[in-house]
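>>> My questions are about this predicted structure, shown below with the sequence.
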Amino acid sequence: MNYRAGTFLRAFSAGIDPADRLSRHVGRLLAADGVDANGLNPKPVDIFWMPHAVVPDRVIYLADMAPVAQVSHWNTITTSDYWGIAHSLRVSETFVGCAACYQQIKKSIDQLIDPPGSQP
């Protein structure tokens with residue numbers, strides 16, 4: 001999202017139960033779009049619950065799940081989107097499954113940044 005949005009927004013990612021490391025397919029998929037995967041690591045969402053952490057404007061869920069609890073220092077205008085992309089971890093372990101998830105994420109990002117009908 002950072003790559004696609006430029007200076008329009010800044011995105012962070014985290015998970016409820018993050019993996020120990022990125023999928024072996026991530027580097028290849030991102031590199032195909034000119035994105036460097038160096039420095040990307042799975043991290044727990046609770047790092048954003050700390051008082052000094054960045055307060056999100058929006059929380060995007062890639063899987064169907066209950067929302068995370070919003071902590072008191074988050075803005076009351078923090079919104080949520082449910083993209084429902086990560087339907088099956090098992091599928092996303094294959095390159096084809098991971099690529100399909102990545103393509104859907106890219107499409108969802110494009111729709112978020114440039115909603116249909118927003119351009120003249």
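Ah, there it is.
>>> Wait, a strand at residue 80?
Yes - with DSSP: H, G, I helix; E, B strand; the rest coil as the criterion, residue 80 is located in a strand.
>>> residues contacting it?
Shown in contact with residue 80 (C-beta atoms under 8 Å, 6 or more residues apart in numbering): 58-61, 67. Backbone N, C-alpha and C define where each C-beta goes, glycine included.
>>> Where does residue 107 sit, in terms of helix or strand?
Per DSSP states H and E, residue 107 falls inside helix 95-113.
>>> That helix packs against which elements?
With contacts taken as 3 or more C-beta pairs under 8 Å, 6 or more residues apart in numbering; DSSP states H and E, helix 95-113 sits against helix 2-5, helix 26-32, helix 89-92.
>>> Out of those helices, point me to the one whose mean pLDDT is lowest.
Lowest mean pLDDT within the helices and strands packed on helix 95-113: helix 89-92, at a mean of 59.
>>> any chance of the contacts of residue 80 in a markdown table, plus secondary structure, pLDDT and neighbour count?
Listed next are the contacts of residue 80 as a markdown table, based on DSSP: H, G, I helix; E, B strand; the rest coil; pLDDT from 0 to 100; neighbours: other C-beta atoms under 10 Å:
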| residue | secondary structure | pLDDT | neighbour count |
| --- | --- | --- | --- |
| 58 | strand | 83 | 12 |
| 59 | strand | 86 | 17 |
| 60 | strand | 87 | 18 |
| 61 | strand | 88 | 17 |
| 67 | coil | 85 | 9 |
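>>> out of the residues you listed, who's nearest residue 39?
For the contacts of residue 80, the minimum distance to residue 39 (C-beta to C-beta) is 20.4 Å, reached by residue 60.
>>> nearest residue to that closest one other than its sequence neighbours?
Of all residues not flanking residue 60 in the chain, residue 81 sits nearest, at 4.8 Å (C-beta to C-beta, 6 or more residues apart in numbering).
>>> I'd say that neighbour and residue 57 touch.
No - taking C-beta atoms under 8 Å as the definition, residue 81 is not a contact partner of residue 57, at 11.1 Å.
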